[in-house]
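[1] I would like the atomic coordinates for the input below:
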Amino acid sequence: MVDVRLISALEKVVPETAELTAAEHCSDVAARGEIYSFQIAVRYDDYAMMRIESTSELNTRIRVVKNVPVLYGGSGCDTDVVNNNKPGLYPDLLDDPDFGEQFRLVKNIWQCLWVTVYVGKDQRPGKYPIEIGLRNMGTNEIAATPKFELEVLDFELLPQTMSNYHWFHVDCLFDHYKVPCWSEEHWKIIENFARNAYDHGITMLYTPLWTPPLDTAVGHSRPSCQLLDITLDLATLTYSFNFDRLRRYIEMGQRIGFKEFGMSHIFTQWGAKACPKILATVVNAGKSIATERYGAERDWKKFVSDQYTTIFGWGMESTSQEYADFLKQLFPALLPVLREYGLGKDNCYFSLSDEPHLDHLETYTKCVELTRPLLEEFETVEALSNLDFYRNGLVKHPVPSISHIEEFKDAVSPLWGYYCCGPEISYPNRFIGMPSRRTRSFGMLAYIYDLAGFLHWGFNFYYSQYSWRAIDPFYTTDAGGAFPAGDAYLVYPGKYGDPLDSIRHEVFFAGLQDLRACRTLEKKIGREAVLKLLNEGADEPLKMNCFPACDQFLLGKRRAIYEAIANN
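    Numbers count the residues shown, from 1 in each chain. From the prediction side, this is the model:
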């Protein structure tokens with residue numbers, strides 16, 4: 001006997017579920033041009049291979065929800081979690097059916113299919129049935145035919161205006177797939193992953209001018225991966241730059257659709273203490289004048305002519321004269337290249353050092369004093385949680401953790417926000433062990449806070465903490481026990497260089513559509529009326545750490561917003 005339930009995309013069904021208590025979700029509404037998802041939960045009293053046979057006028061894609069191991073799901077103090085956040089298997093990975101249309105049922109285990117509906121922008125308004133036939137390959141009989149109905153309403157959502165900046169780790173891609181850095185195979189994989197990011201509402205592409213100094217242990221470095229081709233002439237201490245790879249990278253991003261680019265951090269993470277790893281071809285080492293200019297502290301004799309080697313890194317302080325001279329030669333050459341592609345202060349950002357704290361203020365201030373005149377009209381985006389950096393004029397676009405956003409919201413404009421690792425209790429986040437509503441609710445909350453941008457560190461970080469070693473993200477979901485499972489990446493590396501989506505990736509994108517829906521309704525009835533609608537039925541005004549722990553509240557708000565758009 002086959003038991004089949006239609007459930008919302010917000011449900012997470014763990015394998016050990018005995019009785020499925022999820023509410024039936026058999027119909028909904030969508031806008032023209034929207035991407036809509038729901039799930040089919042299936043349980044069979046035997047082992048069987050099922051073939052999926054779908055029928056609909058709408059364009060649909062069906063994937064199998066697969067479980068991944070979760071060892072560290074969170075701190076343990078959070079209560080709004082799946083399955084008490086205990087170690088085990090959790091649904092997250094979305095994979096295509098075997099042979100294009102088949103999936104295997106394990107005896108007496110609830111399993112899910114993820115149905116994505118791509119509503120065309122020119123789709124005729126009306127109600128559309130979506131019928132999914134499940135044919136038992138052993139008996140060749142139809143075992144079940146669940147039917148969902150999606151009503152397409154006669155409007156489109158306004159385009160996304162909030163910047164969405166997820167750090168894109170190019171080095172993780174060549175490292176995982178074992179292809180040479182910047183080889184044609186690497187470029188193909190980069191484009192596949194970047195296109196997936198853009199298609200899910202990520203608007204800003206992280207650009208590795210040099211190997212990103214992110215989540216890297218002191219004295220350690222990530223695999224070398226820099227776009228700039230640099231030559232250092234030690235006889236004159238002059239640098240020359242080849243921007244061909246950078247041009248190709250920007251052209252790739254713009255061809256995909258990216259209009260915003262974020263440059264790799266200029267100094268190391270957590271305080272800007274040192275320089276990032278930067279490689280160059282060194283010439284005229286035997287004629288070096290470096291000792292005369294900079295003193296004898298650095299062993300310049302180690303450089304060999306025509307050697308591609310590390311010229312900066314942890315061993316060089318961020319405030320050193322050597323690095324200052326490098327930046328003073330780089331930026332006058334780099335910025336004109338960026339401007340050629342239409343990049344400037346409104347769509348191209350630099351960062352100095354992720355999450356500086358007050359005890360880094362002196363060093364950070366010196367780094368700002370060095371780089372600000374060099375950046376000219378280009379501005380900085382910085383994840384930080386102390387308002388003093390903004391009050392002192394050190395950062396143009398501070399990005400506070402959402403746990404600190406109340407301190408920033410009345411003092412900073414435009415307002416950005418980020419989350420990672422934490423906060424946990426009651427806040428939105430995207431951990432595998434969290435209910436999907438906590439990931440999706442961020443869209444409506446971003447509207448309430450009128451966020452101009454969102455930042456997250458992990459689109460595809462496939463290393464352990466501090467980048468000590470590469471991990472297999474299909475088996476190690478917590479960066480080696482360092483971060484709650486799911487924090488480090490949204491996509492899995494597919495077999496042939498194509499990313500595989502996660503539930504969290506799809507649900508966060510659905511939240512971005514909710515944000516667009518709020519802005520669409522605002523254009524019709526005004527912001528105050530939309531805020532009133534969102535807060536109706538809540539025990540207290542909605543805030544980042546105050547959103548009802550109830551799927552139906554979120555789904556009901558979405559439905560009310562869509563109906564209000566259609567009726568106004």
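
[2] When you work out contacts or count neighbours from here on, use the C-alpha atoms and nothing else.
    Will do.

[3] Can you pull the phi/psi pair for residue 275?
    Torsion angles at residue 275 (phi, psi; degrees, to the nearest 10) stand at phi -90, psi 150.

[4] Parallel or antiparallel, list what pairs with the helix or strand hosting residue 130.
    Assessed by DSSP states H and E, residue 130 sits inside strand 126-136. Neighbouring strands of strand 126-136 in its sheet, by DSSP bridges, are strand 48-55 (antiparallel), strand 141-144 (antiparallel), strand 147-156 (antiparallel).

[5] List the strands paired with whatever helix or strand comes next after the first one, with their directions.
    On the C-terminal side of strand 48-55, the closest following helix or strand by DSSP H and E is strand 59-70. If you go by DSSP bridges, strand 59-70 pairs up with strand 88-95 (antiparallel), strand 111-118 (antiparallel).

[6] To residue 360, which of those strands lies closest?
    strand 88-95 (38.2 Å; Cα to Cα).

[7] Now do that closest one, average pLDDT.
    For strand 88-95, mean pLDDT is 98.

[8] hmm, back to that, turn the strands paired with strand 126-136 into JSON lines, columns for distance to residue 110 and mean pLDDT.
    Below are the strands paired with strand 126-136 laid out as JSON lines (distance: least, Cα to Cα, whole Å; pLDDT from 0 to 100):
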{"stretch": "strand 48-55", "distance to residue 110": "13", "mean pLDDT": "95"}
{"stretch": "strand 141-144", "distance to residue 110": "15", "mean pLDDT": "94"}
{"stretch": "strand 147-156", "distance to residue 110": "19", "mean pLDDT": "98"}
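
[9] Could you export those strands as a markdown table, including distance to residue 61 and mean neighbour count?
    Converted to a markdown table, the strands paired with strand 126-136 look like this (distance: least, Cα to Cα, whole Å; neighbours: other Cα atoms under 10 Å):
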| stretch | distance to residue 61 | mean neighbour count |
| --- | --- | --- |
| strand 48-55 | 9 | 18 |
| strand 141-144 | 18 | 16 |
| strand 147-156 | 14 | 18 |
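
[10] out of those strands, which comes closest to residue 31?
    Closest approach to residue 31 among the strands paired with strand 126-136 is made by strand 147-156 (5.2 Å; Cα to Cα).

[11] Check the offset of that closest one from the chain's centre.
    Centre-to-centre, strand 147-156 and its host chain are 28 Å apart (Cα atoms, centre = their mean, to the nearest Å).

[12] any residues touching that strand, and which ones?
    Counting contacts by Cα atoms under 8 Å, 6 or more residues apart in numbering, the residues outside strand 147-156 that touch it are 6, 26-34, 119, 121, 123-132, 565-566.

[13] Just the buried ones from these, in PyMOL syntax?
    With 16 or more other Cα atoms under 10 Å as the criterion, this PyMOL line picks the buried residues out of the contacts of strand 147-156:
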select buried, resi 6+26+27+28+29+30+31+32+33+34+119+123+128+129+130+131+132+565
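
[14] And the next helix or strand past the worst-scoring helix or strand of the chain on mean pLDDT?
    When the helices and strands of the chain are scored by mean pLDDT, DSSP states H and E, helix 290-294 comes last with a mean of 84. With elements assigned by DSSP H and E, the helix or strand that comes after helix 290-294 is strand 307-312.

[15] Which is the succeeding secondary structure element to that following strand?
    Of the helices and strands lying after strand 307-312 in sequence (DSSP H and E), the nearest is helix 321-340.

[16] now that following helix against strand 307-312, angle please.
    With axes from the mean of the first three to the mean of the last three Cα atoms, to 10 degrees defining the directions, helix 321-340 sits at 100 degrees from strand 307-312.

[17] how far out from the middle of the chain is the following helix or strand past helix 321-340?
    Sequence order places strand 348-350 as the next helix or strand after helix 321-340, per DSSP H and E. Taking Cα atoms, centre = their mean, the mean C-alpha location of strand 348-350 is offset from the chain mean by 17 Å.

[18] who does strand 348-350 touch, helix- and strand-wise?
    Taking 3 or more Cα pairs under 8 Å, 6 or more residues apart in numbering; DSSP states H and E as contact, the helices and strands that strand 348-350 lies on are strand 260-263, strand 379-383.

[19] got JSON lines for those, with mean neighbour count too?
    Below are the helices and strands packed on strand 348-350 laid out as JSON lines (neighbours: other Cα atoms under 10 Å):
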{"stretch": "strand 260-263", "mean neighbour count": "22"}
{"stretch": "strand 379-383", "mean neighbour count": "22"}
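
[20] Those strands: which one's closest to residue 15?
    Of the helices and strands packed on strand 348-350, nearest to residue 15 by Cα to Cα is strand 379-383, at 37.5 Å.

[21] re the thing from before, dump the helices and strands packed on strand 348-350 to CSV, plus mean pLDDT and distance to residue 47.
    Below are those laid out as CSV (pLDDT from 0 to 100; distance: least, Cα to Cα, whole Å):
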stretch, mean pLDDT, distance to residue 47
strand 260-263, 98, 49
strand 379-383, 96, 50
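
[22] And those: which comes nearest residue 222?
    Closest to residue 222 of the helices and strands packed on strand 348-350, according to Cα to Cα: strand 260-263, at 17.0 Å.

[23] Quick check: next helix or strand after that closest one?
    Strand 260-263 is succeeded, C-terminally, by strand 278-283 (DSSP H and E).

[24] List the neighbours of that following strand that are in contact with it.
    Here strand 278-283 has contacts from 210-211, 226, 229-235, 303-313, using Cα under 8 Å, 6+ apart.

[25] Which ChimeraX command selects the buried ones in those residues?
    Filtering the contacts of strand 278-283 down to the buried ones (16+ other Cα under 10 Å) takes a single ChimeraX command:
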select :210,211,226,229,230,231,232,233,234,303,305,308,311,312,313
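
[26] could I have the strand holding residue 130 exported to PDB, CA atoms only?
    Once non-C-alpha atoms are left out, strand 126-136 reads as follows in PDB (Å, rounded to 0.1, in the frame of the first residue of the first chain):
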ATOM      1  CA  GLY A 126      -6.200  30.600 -14.200                       C
ATOM      2  CA  LYS A 127      -6.200  27.300 -12.300                       C
ATOM      3  CA  TYR A 128      -3.800  24.600 -13.400                       C
ATOM      4  CA  PRO A 129      -3.800  21.000 -12.200                       C
ATOM      5  CA  ILE A 130      -0.500  19.300 -11.700                       C
ATOM      6  CA  GLU A 131      -0.900  15.500 -11.600                       C
ATOM      7  CA  ILE A 132       2.000  13.300 -10.600                       C
ATOM      8  CA  GLY A 133       1.600   9.700 -11.400                       C
ATOM      9  CA  LEU A 134       3.700   7.200  -9.500                       C
ATOM     10  CA  ARG A 135       4.100   3.900 -11.400                       C
ATOM     11  CA  ASN A 136       5.400   0.800  -9.700                       C
END
